[in-house]
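S.K.: Sequence first, predicted model second:
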Amino acid sequence: MTEPVLEALGVEKRFAGVRALAGVDLTVRPGEVHALVGENGAGKSTLIKVLTGVYQPDAGELRYQGAPVRFAGPPDAQAAGIATVYQEVALVGSMSVASNLFLGREPRRFGMIDFPAMRKSAAKLLAELGIDVDPARELRTLGLGVQQMIAVARALHSDARVVIMDEPTSSLEPREVDTLLALVRTLAERDVAVVYVSHRMDELYRVCDVVTVLRDGAVVHTGPLAELDRVRLIATMLGRDIAEVRREGSTAFSGEHETEDEPVLAAHELRRSTVLDGVDLEVRPGEVVGLGGLLGSGRSETVQALAGLQRLDSGAVEVNGQPVRPGSAAAAIRAGIVLVPEDRKVEGLVPNLSVRENIVLAALPRLSRLGVVSRAKQDAVVRTFMERLQIKASSPDQRVSELSGGNQQKVMLARWLAMSPKVLLLDEPTRGIDVGVKAQVQQLVDELADQGLGIVMVSSDLEELVEGADRVVVLRDGKSISQLRGDEVSVDAVLAEIAADAAEEVGS
Amino acid sequence: MTTVALRRDNLLALTRDYGVYAALVVLVIINLIITPNFLAADNLRTQAVQVVPVLIVALGMALVIGTEGIDLSVGSVMAVSAAILPLYLGYGAFPAILLCLLAGAVAGLLSGTLVAVVGVQPIVATLALLVGGRGLALVISDGQLKDIFNPTILALGDGSVAGIPYTVLVAVVLVALVALLVGKTTFGRQLVAIGGNRRAAEFAALPVKRVLLVVYVLSGLLAAIAGILGTARLTASDPSKLGELIELSAITAVVVGGTPLSGGRVRVIGTVGGALLMQLITATLIKNDVPVSVSQMVQAAIIVAAVLLQRRAAR
């Protein structure tokens, strides 16, 4: 067996007296793809931050290429050869692809940046990795998925010995995931060690050799991934019985809510310049309708249009047969349509406000008299939803940015449920949240449907889409192309619809 | 969490939030020792009266900064208000004051429209008004200094009740109103949310444009009030000088008081503390025969310290 390139020995880390890491050992060898898994709060992020020099361990040591090291900060770790690809793209949107690839290590000539050389090497690198993008293009004009590929390319390009990937696929489409995983294998073949963090079991089994499972800040298992089947892995992560996990299945959706009622939400021929090209959609009370399709197929744009957050060139939206003025979020909310957006950090949460204020944000006018907020009414709403959604916070006054992803998502749900909606639009409701809370959110979606809410759910996780939805409407190029219902709803069927001529879509 | 209450992060946050009060206390103690007659009613009154215009302007500035904006036009709006006042005193003090307030509101509406509706960056929109407003004030007044003889205005600048000058009372009432506005009203909470995450506010269908518009109008109104009080105290309308560079003092007071320039937080009482602190520093140094230039350098150091604290305490 090869010598480890990076080791953590008995690493401990405490925050304000709370132990985040309790003596963690991790051994990463060249050429291996090492899965790091655990529920949120298990210590994955903290461990990664220790490995990349963001935090210094309180006890224990790091060894890099056999020698003890101490990284004073991320630049130190990078200089040593530890590169990191984050969940959120950490690049400069206003700069070109090439500039991003070479940021901080631009090729120079006579002390000035040699742009032609830079563009040339960028083009070569991208071609090598099968990424079809013009290096001169401004990064922010590209889709999130492509941006993430650039981030990986950047890591790959530097002379990294270790690449740490923190949920690199959470915003990627299935086809992009394939390309990314191929990249990961390429890295491993070049004898780079990859530490791979993901909640997606599929990917782990496709690409990882070794797995380390963290729970409550300690390593509970480490060894070859092939020796641990999926159920056993989840059970180890959750610290639960295998039988229990089997019984609950991989998702917590119960499935069917078929109803014959009149639709609570009806959308006809939604169009908007290049993004929407005729979307039809009906949702009945108590029904969960899934929106399938690739990134860029118009899923998020559809739910945003329904919520009044996108202008429409034409098309009509009705709630209980009454037309809703398009392009007005306030009108949509009055009509009972609410959206839990895809990107909670950017579109949802106000980070430096408390859990309380984030929950009541949209409901403020209803909780006020003559413009003065009623503390009592506010508290009642906040208490109700914190209990009902089991939001874990030290108090309603805790800053929302301090909560885990899952609890932040629950705060978003609470904000919109507090508006007593008729139609709930969920854009990627479980992205980036851990297995346990994910199940809770899915269960909640089920319960809400049972209570008569019409629900539209966008999810890139096909399994979630298929398990959770009663019907799946598949979008392609901004147009609803087909509808699967009842027994037709399966991962294969959705994939078949999406893939019909998916080849032209990605990267466009 | 309670076991180790004073971790470094907490300490930083505490210093950011309450540092301005601690600094004030220290400064008062120093003054008690080195400055003769510091506690004399006269001196306290002078300090309070001097700080009023900056404080009032800073209240509006705090609101604007809370939305992640900035209002550079406040000094010029003061000047416009000062220029208008003597022109209409013939109709009586109150109509003239109302017109001044109206002018301030219109100025705020102008920059607010540019920011909220047209989408111009606040610094550019209010910079335009900073330049244009001063020009307008000079046009209105012919660039002349005009003495004020109206007894109501003179009383406003000079009078007091139970030893407390009217101008100070006005400031106290405004502080209370703004504090309530920020803390207790829908508008205040929406304002803070917009500054904290504009896009999230839009997604939550908050009336973003309306709130921004009103915020700039309030800043204009408060600047107009400062202009009236400043003129009353001078007993003369001086549109060429009044309010010059006051935007910088106001921003300083806001930032030193713990309101981050990145928005999403408004500390009204902190702003009062910030304004008092800067006033007291200048006064202390001057009273102890230190040149004004040194006082400016001390102020600069305090601004840098406040900004550093905010950056490090923000997670």
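M.R.: That came through fine. The structure displayed is predicted, hence computed values, not measured ones. Numbering: from 1, shown residues only, chains lettered A, B, ... in the order given.
S.K.: what does the stretch 301-450 of chain A have sitting close to chain B?
M.R.: A:307-309, A:329-330, A:332-333, A:339, A:341, A:346-353, A:357, A:360-362, A:364-365, A:368, A:371-373, A:394, A:401, A:415 (C-beta under 8 Å from any C-beta of the partner chain). Yep, even glycine has a C-beta here, placed from its N, CA and C like the rest.
S.K.: Can I have the buried ones of these as a PyMOL selection?
M.R.: Those of these that count as buried under 16 or more other C-beta atoms under 10 Å in any protein chain shown are selected in PyMOL with:
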select buried, chain A and resi 307+308+309+329+332+333+339+341+347+348+349+350+351+352+353+357+360+361+362+364+368+373+401+415
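S.K.: Mind giving me the packing neighbours of the lowest-mean-pLDDT helix or strand in chain B?
M.R.: Lowest on mean pLDDT, DSSP states H and E among the helices and strands of chain B sits helix B:292-313, with a mean of 80. Counting contacts by 3 or more C-beta pairs under 8 Å, 6 or more residues apart in numbering or on different chains; DSSP states H and E, helix B:292-313 is packed against helix B:8-34, helix B:246-256, helix B:268-287.
S.K.: contacts for it?
M.R.: Helix B:292-313 has contacts (C-beta atoms under 8 Å, 6 or more residues apart in numbering or on different chains) with B:9, B:12-13, B:15-16, B:19-20, B:23, B:252, B:255-256, B:258, B:260-261, B:277-278, B:281-282, B:285-286.
S.K.: Then stretch A:78-94?
M.R.: A:6, A:48, A:51-53, A:64, A:69, A:71, A:74, A:99-100, A:103, A:138-140, A:144, A:147-148, A:150-152, A:154-155, A:158-168, A:170-171, A:345, A:432.
S.K.: do the same with stretch A:398-407
M.R.: In contact with stretch A:398-407 (C-beta under 8 Å, 6+ apart) are residues A:40-41, A:344, A:349-355, A:358, A:391-393, A:408, A:411, A:432-434, A:436-438, A:440-441, B:315.
S.K.: Restricted to buried residues, select those in ChimeraX.
M.R.: Listed next is the ChimeraX selection for buried residues among those, using 16+ other C-beta under 10 Å:
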select /A:40,41,344,349,350,351,352,353,354,355,358,391,393,408,411,432,433,434,437,438,440,441
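S.K.: quick one: which of the contacts of stretch A:398-407 sit in helices?
M.R.: Counting by DSSP state H, these place A:355, A:358, A:408, A:411, A:436-438, A:440-441 in helices.
S.K.: Farthest pair within these?
M.R.: A:N358 and A:G436 (21.7 Å; C-beta to C-beta).
S.K.: Any idea how many residues pack against the nearest residue to B:L129 once chain neighbours are set aside?
M.R.: Spatial nearest neighbour of B:L129, excluding adjacent residues (C-beta to C-beta, 6 or more residues apart in numbering or on different chains): B:S73 at 3.6 Å. Neighbour count of B:S73, defined by other C-beta atoms under 10 Å in any protein chain shown: 30.
S.K.: Ok, B:L27 next?
M.R.: Using other C-beta under 10 Å: B:L27 sits among 16 other residues.
S.K.: swap in the one 5 residues further on?
M.R.: When counting by other C-beta under 10 Å, one arrives at 10 neighbours for B:L32.
S.K.: Tell me the pLDDT of it.
M.R.: B:L32 carries a pLDDT value of 89.
S.K.: Assign the spatially closest residue to it that is not a sequence neighbour to helix, strand or coil.
M.R.: Ranked by C-beta to C-beta, 6+ apart and with sequence neighbours excluded, the top spatial neighbour of B:L32 is B:F38, at 5.7 Å. At B:F38 the chain is in coil, as set by DSSP: H, G, I helix; E, B strand; the rest coil.
S.K.: Ok, A:R366 next?
M.R.: At A:R366 the chain is in helix, as set by three-state DSSP.
S.K.: What of A:Q483?
M.R.: Strictly by three-state DSSP, A:Q483 counts as strand.
S.K.: so what's it bridging to?
M.R.: Assessed by DSSP bridges, A:Q483 has beta-bridge partners A:V473.
S.K.: Hmm, A:I498 and A:R476 touching each other?
M.R.: Yes: the criterion here is C-beta atoms under 8 Å, and A:R476 meets it with A:I498 at 7.0 Å.
S.K.: Common neighbours of these two, please.
M.R.: Listed as contacting both A:R476 and A:I498 by C-beta under 8 Å, 6+ apart are A:293-294, A:297.
S.K.: Reformat those as JSON lines; add distance to A:G23, pLDDT and secondary structure.
M.R.: Shown next, in JSON lines, are the shared contacts of A:R476 and A:I498 (distance: C-beta to C-beta, whole Å; pLDDT from 0 to 100; DSSP: H, G, I helix; E, B strand; the rest coil):
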{"residue": "A:G293", "distance to A:G23": "46", "pLDDT": "79", "secondary structure": "coil"}
{"residue": "A:L294", "distance to A:G23": "44", "pLDDT": "71", "secondary structure": "coil"}
{"residue": "A:S297", "distance to A:G23": "47", "pLDDT": "78", "secondary structure": "coil"}
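S.K.: which of these has the most neighbours?
M.R.: Counting neighbours by other C-beta under 10 Å, A:G293 leads the shared contacts of A:R476 and A:I498 with 29 neighbours.
S.K.: how about it, what does it touch?
M.R.: Counting by C-beta under 8 Å, 6+ apart, the residues that A:G293 touches are A:299, A:474-476, A:498.
S.K.: now A:E357
M.R.: The neighbours of A:E357, taking C-beta under 8 Å, 6+ apart as the test, are A:350, B:189, B:192-193.
S.K.: And the helix or strand containing A:D202, what's buried?
M.R.: Under the criterion of DSSP states H and E, A:D202 resides in helix A:201-207. For helix A:201-207, the neighbour count (16+ other C-beta under 10 Å) marks A:201-205, A:207 as buried.
S.K.: do the same with stretch B:180-192
M.R.: When neighbours are counted by 16+ other C-beta under 10 Å, the buried residues of stretch B:180-192 are found to be B:181-182, B:184-192.
S.K.: swap in stretch B:124-144?
M.R.: Buried, per 16+ other C-beta under 10 Å, within stretch B:124-144: B:125-130, B:133-134, B:136-138, B:140-141.
S.K.: I'd like those as TSV, with secondary structure and pLDDT appended.
M.R.: Output for these, formatted as TSV (DSSP: H, G, I helix; E, B strand; the rest coil; pLDDT from 0 to 100):
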residue	secondary structure	pLDDT
B:A125	helix	95
B:T126	helix	96
B:L127	helix	96
B:A128	helix	94
B:L129	helix	95
B:L130	helix	96
B:G133	helix	95
B:R134	helix	95
B:L136	helix	95
B:A137	helix	95
B:L138	helix	94
B:I140	helix	93
B:S141	helix	91
